[in-house]
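A.B. asks: sequence first, then the predicted structure, then my questions.
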Amino acid sequence: MIRAIKGTRDILPPSTRVWNHVESVARRVMESYHYGEIRTPIFEETALFARGVGEETDIVSKEMYTFADRDETSITLRPENTASVIRAYIEHRLDQLPGLQKLYYIGPMFRRERPQKGRYRQFSQIGAEVIGSESPAVDAEVIEMVIEILSQSGLEGFHLVINSVGCKECRPKFLATLRERLQDLKGQLCQDCQRRSETNPLRVLDCKVPSDQPIIETLPSILDHLCEACSRHFAAVRTFLDDRGITYEVRPRLVRGLDYYTRTTFEVVHGALGAQNSVLGGGRYDGLAEALGSKVHSPGIGFSIGEDRLVMSVEEAHPKLRSETLDLFVAPMGDAALRHVTVLARELRREGISVEIAFEGKLKRAMETANKLNARYTLIVGDNEIAAGTYALKEMASGEQHPVTREQISERLYAGKH
RNA sequence: GUGGGUAUAGCUCAGUCGGUAGAGCGCUGGAUUGUGGUUCCAGAUGUCGAGGGUUCAAAUCCCUCUACCCACCCCA
């Protein structure tokens, strides 16, 4: 038997309803903030991600699906979408357009990691980017919008965490200080942290090993080492969030995995997701466009929601979203009735009523099916009905059945929908 | 890449001391020739993950492999 590739999966009807729900909420919210949708290719030149995401990141160094095209161009399935959006922004000179560029996307990403709960090799992200402003008011609006998407999707009990990681002026200085401190202390830390001290010192701050905590407490905080401009920026972001009544936790130890982040970074976590409890991550990337070859300074900020994880949580909180809805099940008896009903069903569907026809089988079987499909009404059409010029309409929940005219079908069905 | 767990019917799972493969749900038919849900009756469905070994006899014991799940790492 041929099975889906490891880390990929089929998403089937009861669940696809929830996916569509989440996506339509996200589109509606983002359109209301006047974002436009961008669709970039699923694969790009490998160099885009190497430069954009960062050679040293786990994503680039060990998680990409990379292969040689027939002309030997190195191609990579996109592991994230911000680099592609910025590439498109530069390629199409979107900086020449009036106002900010506010773009959103929904689609699959690919990373070759070991799968586990909430983590897949093909996964979907809902993301957005604002390019062309450094204003902290933009940061706050982006965060507000993503919170809006989560809550309107039906997610409850999530937790927003924010931080500032500084800019190209102050972050290197902080890193140097941190490395220096770790040189003296790392002997007392766990194995992982001894390694991180070399590879990614910021990660040490995020370590969860209890015995390391007292030492981590003594390490410097990035927030105390921000330059004047970054410090003012972060304070302003917080003020704008406070004005909106958005609750958040400032976590100086919050670290994001992509190299391009500057200043504001944020994350939303949710319990019941397993160990992979982050439902979205985002941040500012004021230097990314220039790193990718832009001649003009194009600061940006964005986020991406792990759609698989959001759907998982929403499904758990609202199992009803999975339930099927069928307005009318039609049970014809005999060939003449089937022909009659086929025409009728088409009319009703054009009126916006969902209709399913029992193409074969006895009436009893049709009734059983109608019940299993949770149909609101069943319409029975046989020789008696055709002769009388009426239909037998049965309301499944009450069991009540009445003869109705053609017009009354639409009236009854439409009445219940609104 | 590393560690742990699991693998028996379509699904969820039981299977004792090694002795003919089980339940619930679902599915099919009937009780009811044109009426669902509840009930009752009957029925179908298995490479017991794969390969090898021990044994008169293996779902069960041993070895190897594979797949999936969870966790580490890391991230969405």
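C.D. replies: On my side now, so go ahead.
A.B. asks: what's the closest non-adjacent residue to the closest residue to RNA strand B within chain A?
C.D. replies: Taking C-beta to the nearest atom of the strand, RNA strand B has its nearest neighbour within chain A at residue A:257, 1.7 Å off. Where C-beta positions appear, they are placed from N, C-alpha and C, glycine not excepted. Counting by C-beta to C-beta, 6 or more residues apart in numbering, residue A:57 is the residue found nearest to residue A:257 once chain neighbours are left out, at 6.0 Å.
A.B. asks: which ones are touching that neighbour?
C.D. replies: Taking C-beta atoms under 8 Å, 6 or more residues apart in numbering as the definition of contact, the neighbours of residue A:57 are A:257, A:258, A:259.
A.B. asks: hmm, back to that, thought the residue of chain A closest to RNA strand B was touching residue A:61?
C.D. replies: No. Under the contact definition of C-beta atoms under 8 Å, residue A:257 does not touch residue A:61, with a separation of 11.3 Å.
A.B. asks: how about the residues of the stretch 101-250 of chain A by RNA strand B?
C.D. replies: Within reach of RNA strand B by C-beta under 7 Å from any atom of the strand, the stretch 101-250 of chain A has these residues: A:111, A:113-120, A:123, A:125, A:192, A:196, A:200, A:203, A:208.
A.B. asks: which two of those residues have the greatest separation?
C.D. replies: Distance extremes for those: the farthest pair is A:125 and A:192 at 27.4 Å, using C-beta to C-beta.
A.B. asks: measure residue A:243 to residue A:160 for me?
C.D. replies: In this view, residue A:243 and residue A:160 are 15 Å apart by C-beta to C-beta, to the nearest Å.
A.B. asks: and what of residue A:204?
C.D. replies: For residue A:204 relative to residue A:160 (C-beta to C-beta), the value is 24 Å.
A.B. asks: more neighbours: those two, which one.
C.D. replies: Neighbours per residue (other C-beta atoms under 10 Å) separate residue A:204 from residue A:160, with residue A:204 holding more: 27 against 18.
A.B. asks: need the contact list for the more buried one.
C.D. replies: Residue A:204 makes contact with A:178, A:182, A:189, A:193, A:196, A:197, A:212, A:216, A:219 under the criterion C-beta under 8 Å, 6+ apart.
A.B. asks: how does it look with 7 Å?
C.D. replies: Neighbouring residues of residue A:204 by C-beta atoms under 7 Å, 6 or more residues apart in numbering: A:182, A:193, A:196, A:197, A:216.
A.B. asks: relative to residue A:265, how far out is the third one?
C.D. replies: Using C-beta to C-beta, one gets 18 Å for the distance from residue A:196 to residue A:265.
A.B. asks: the more surrounded of the two?
C.D. replies: Neighbour tally, residue A:196 and residue A:265, criterion other C-beta under 10 Å: the higher count belongs to residue A:265, 24 against 20.
A.B. asks: ok so, going back, now do the contacts for the residue of chain A closest to RNA strand B.
C.D. replies: Contacts here follow C-beta under 7 Å, 6+ apart; on that basis residue A:257 touches A:57, A:58, A:59.
A.B. asks: quick check: it is in a strand.
C.D. replies: No. Secondary structure of residue A:257 (DSSP: H, G, I helix; E, B strand; the rest coil): coil, not part of a strand.
A.B. asks: please parse chain A into its domains.
C.D. replies: If the domains of chain A are taken from automatic domain parsing, they occupy A:15-170+A:226-319, A:325-417, with pieces of a single domain joined by a plus sign.
A.B. asks: quick one: closest of the ones you listed to residue A:2.
C.D. replies: For the domains of chain A, the distance to residue A:2 is smallest for domain A:15-170+A:226-319, at 16.6 Å, taking C-beta to C-beta.
A.B. asks: tell me the contacts of residue A:206?
C.D. replies: Contacts for residue A:206 (C-beta under 7 Å, 6+ apart) come out as A:253, A:255.
A.B. asks: ok, now with 8 Å
C.D. replies: Shown here is residue A:206, whose contacts under the criterion C-beta under 8 Å, 6+ apart are A:253, A:254, A:255.
A.B. asks: now stretch A:247-262: buried residues?
C.D. replies: Within stretch A:247-262, the residues that qualify as buried are A:248, A:251, A:252, A:253, A:254, A:255, A:256, A:258, A:259, A:260, A:261, A:262, counting by 16 or more other C-beta atoms under 10 Å.
A.B. asks: residue A:231: which of those is nearest?
C.D. replies: residue A:252 (12.5 Å).
A.B. asks: ranges for the strands of the stretch 1-150 of chain A?
C.D. replies: Here the stretch 1-150 of chain A has its strands, by DSSP state E, counting those that start in this stretch, at A:36-37, A:43-45, A:66-68, A:74-77, A:101-110, A:122-131.
A.B. asks: in chain A, which helix or strand is least confident?
C.D. replies: Counting by mean pLDDT, DSSP states H and E, chain A has its least confident helix or strand at helix A:191-199, which shows a mean of 76.
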